[in-house]
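Visitor: need a 3D model of the following:
(2 chains)
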There are 2 protein chains.
Amino acid sequence: MGVVLSLEEGKKKPASVKPLVDLTKADMERVNQLILSKAGSDVQMIPEVANHLISSGGKRLRPMLTLAAASMFGYEGDGHVKLATSVEFMHTATLLHDDVVDESDLRRGKSTARTIWGNQASVLVGDFLLGQAFRMMVDVGSLEALDVLSTAASVIAEGEVLQLSVAKNMETTEDDYLSVIRAKTAALFAAAAEVGPIIAGTDKAGRNALKSYGMNLGLAFQLVDDALDYGGTAANLGKNVGDDFREGKITLPVILSYRRGTAEERSFWRNAIENGESTEENLEHALGLIKKYDALNDTLSRAVHYGTIARDALAPLPASPHKAALLEVIDFSIQRVN
Amino acid sequence: MGVVLSLEEGKKKPASVKPLVDLTKADMERVNQLILSKAGSDVQMIPEVANHLISSGGKRLRPMLTLAAASMFGYEGDGHVKLATSVEFMHTATLLHDDVVDESDLRRGKSTARTIWGNQASVLVGDFLLGQAFRMMVDVGSLEALDVLSTAASVIAEGEVLQLSVAKNMETTEDDYLSVIRAKTAALFAAAAEVGPIIAGTDKAGRNALKSYGMNLGLAFQLVDDALDYGGTAANLGKNVGDDFREGKITLPVILSYRRGTAEERSFWRNAIENGESTEENLEHALGLIKKYDALNDTLSRAVHYGTIARDALAPLPASPHKAALLEVIDFSIQRVN
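Guide: Now for the predicted structure:
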């Protein structure tokens, strides 16, 4: 995609999610079993819709965070498997509702549930998965974990409504945008990581470290996602380049290009985003402006900034394979663009 | 509406919800305060959408059940106010999502949120209210109450999906229909009533009594609602007569008329419901068939049946103003048709 991360050294071997995958492999098999079992229902449409999304090849990064964060502090029960599954269900429910709200046809390279079963089923199966998520959390019995995850559920929905409020508004600032992605993406990363130390009975410092790690990793992750939307290929994106543009979504590459542009260029953006003139020709022009103002590189620099905060959040914790794997995930999330 | 309940004596003064309203008045003021506070958000659209529905004049029967059921067993804390508010938020979230799923334009005589703010806001504000409901439950700290209410959330969504599966299918049996209304309506009534004795620390017998009362009251309530849709007026319905018919919804009056009808009449129903030929002329014809087969009276007889079970569920409990008020609500729910 032609993006060069100036802060990156480029000589080390690329960061990978593999150490995290390997460390959580046994537990993730139990998570996957539990996902299938808790997405089951006598109402046939429920497992159909749920499994369509569940089996569509997401990385399951969030439940891996929960598992690793719990094991890192010596947790040995099975509550972390249930909490990890709850986190994945919350995420899946959000995706189902998001696709309805965004009127998306493609997710991870596959048709969205709403194009196959309709908006109605997507809304209701999302509600069902959210209900099942809460039942599993209750089953674990930690009121602190319940507090963190139920708060995240509210905050995520609040972030989605905020995104709706600022949609197609070119005056959206970088701060507004950060408020949106902090709520709609980073809050669940933070909660997923924080419930690990909570269930392990760790002290407040350990909880806060993992919460801060998750929050900043989530911000970096979403920033990179939003850069990829203007710089990846359909194959590595699992969606089409320019989807955000077509939906009139205000993300950082657009915000930077708009604010740095000439009066004429700003008028172009307003016409494209606010008036919905998102033709392929306009997308080409938009990509040119994003390049002209180096908006992808600067979006990625912001991601690196939050990645560094995530790294420092874990710094006081003792060295361990889990810590190393979580640190590598930061670099992996940012290097996805290459 | 011309329906005569043969089981009713008709000479006693009509049953009223007033004793329940009076008994829970002070607590309901606190519920209403909490509703306003917990539907608040810096994201302006959230309180706008939430308050539109919250202030639209629902009876708030469900939270009153929770309050009365807790006080009945001597509960004196403030957890019942939070649980009652959670129950109302769960209900409001369901209504917001329902209106999207059903594509409804009118609710309680007012435009639905989705016609004013769009489907997107209705889905997301529903999610927000559900998140807030769980946060309040967690705040109360009773894992048993959390278990009951989170299970209800799953069951409600499952019931809605089931309703979607049987939609426009004239072969739906009375049993299928009962499964739907048990899940989508009665489960929340049951949970609302059961968490009262739970938070009061009552024994299993007391919990089960209130749960059974709520479940059967909910069934009676929904049966009457479905009868009213073919027999009320827009004024007492808060929606238009025949809305269910226009949406192709399979409710008991339709099931009975269809199953009791001639081959020609069954063909009419299939055309009207399955093929969506729900013209005003066809609605008139449908109303004629419902009358011909006494389907409204028999729907109400079923409601009376469940009302009787609800009454017997409370029978072993000692006499109290709360018990009397809850019993009167059964009759009130059924007599709404007159």
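
Visitor: check what pLDDT residue A:327 gets.
Guide: Predicted confidence (pLDDT) for residue A:327: 98.

Visitor: surely it meets residue A:312?
Guide: No - Residue A:327 is beyond contact range of residue A:312, at 10.5 Å (criterion: C-beta atoms under 8 Å). The C-beta positions use only the backbone N, C-alpha and C, and glycine is treated the same way.

Visitor: neighbour-wise, which of those two wins?
Guide: Between residue A:327 and residue A:312, counted using other C-beta atoms under 10 Å in any protein chain shown, residue A:327 has the larger neighbour count: 20 against 13.

Visitor: quick one: contacts of the helix or strand where the more buried one lies?
Guide: Assigned by DSSP states H and E, residue A:327 falls within helix A:321-335. Applying C-beta atoms under 8 Å, 6 or more residues apart in numbering or on different chains, the contact partners of helix A:321-335 are A:5, A:8, A:14-17, A:19-20, A:22-23, A:61, A:65, A:68-69, A:71-72, A:213, A:217, A:220-221, A:224, A:300, A:303-304, A:307, A:310-311, A:314, A:317.

Visitor: within reach of chain B, which of those residues are there?
Guide: Applying C-beta under 8 Å from any C-beta of the partner chain to the contacts of helix A:321-335, one finds that nothing falls near chain B.

Visitor: near chain B, which residues of the stretch 51-200 of chain A are found?
Guide: Close to chain B, as judged by C-beta under 8 Å from any C-beta, the stretch 51-200 of chain A has residues A:97, A:100-101, A:119-121, A:123-125, A:127-128, A:130-132, A:134-135, A:137-139, A:141, A:143, A:146-147, A:150-151, A:153-158, A:160-162, A:164-165.

Visitor: the same query, at a cut-off of 6 Å, please.
Guide: Neighbours of chain B within the stretch 51-200 of chain A, by C-beta under 6 Å from any C-beta of the partner chain: A:97, A:101, A:120, A:123-124, A:127-128, A:131-132, A:134-135, A:138, A:141, A:143, A:146-147, A:150-151, A:153-154, A:157-158, A:160-162, A:164-165.

Visitor: related to what we said a few turns ago, now the contacts of helix A:321-335: which count as buried?
Guide: A:5, A:15, A:17, A:19-20, A:23, A:61, A:65, A:68-69, A:71-72, A:213, A:217, A:220-221, A:224, A:300, A:303-304, A:307, A:310-311, A:314, A:317 (16 or more other C-beta atoms under 10 Å in any protein chain shown).

Visitor: just these: which are in helices?
Guide: A:19-20, A:23, A:61, A:65, A:68-69, A:71-72, A:213, A:217, A:220-221, A:224, A:300, A:303-304, A:307, A:310-311, A:314 (DSSP state H).

Visitor: grab the nearest non-local neighbour of residue A:313.
Guide: Spatial nearest neighbour of residue A:313, chain neighbours left out: residue A:212 (3.8 Å); criterion: C-beta to C-beta, 6 or more residues apart in numbering or on different chains.

Visitor: roughly how far apart are the one you found and residue A:130?
Guide: 26 Å (C-beta to C-beta, to the nearest Å).

Visitor: more neighbours: which of the two?
Guide: Neighbours per residue, other C-beta under 10 Å: of residue A:212 and residue A:130, the larger number sits with residue A:130, 29 against 18.

Visitor: neighbours of residue A:112, just the number please.
Guide: Counted with other C-beta under 10 Å, the neighbours of residue A:112 add up to 25.

Visitor: can you tell me the helix or strand for the residue lying closest to it once chain neighbours are set aside?
Guide: Closest residue in space to residue A:112, ignoring its immediate chain neighbours: residue A:99 at 4.3 Å, by C-beta to C-beta, 6+ apart. Using DSSP H and E, residue A:99 maps to helix A:79-102.
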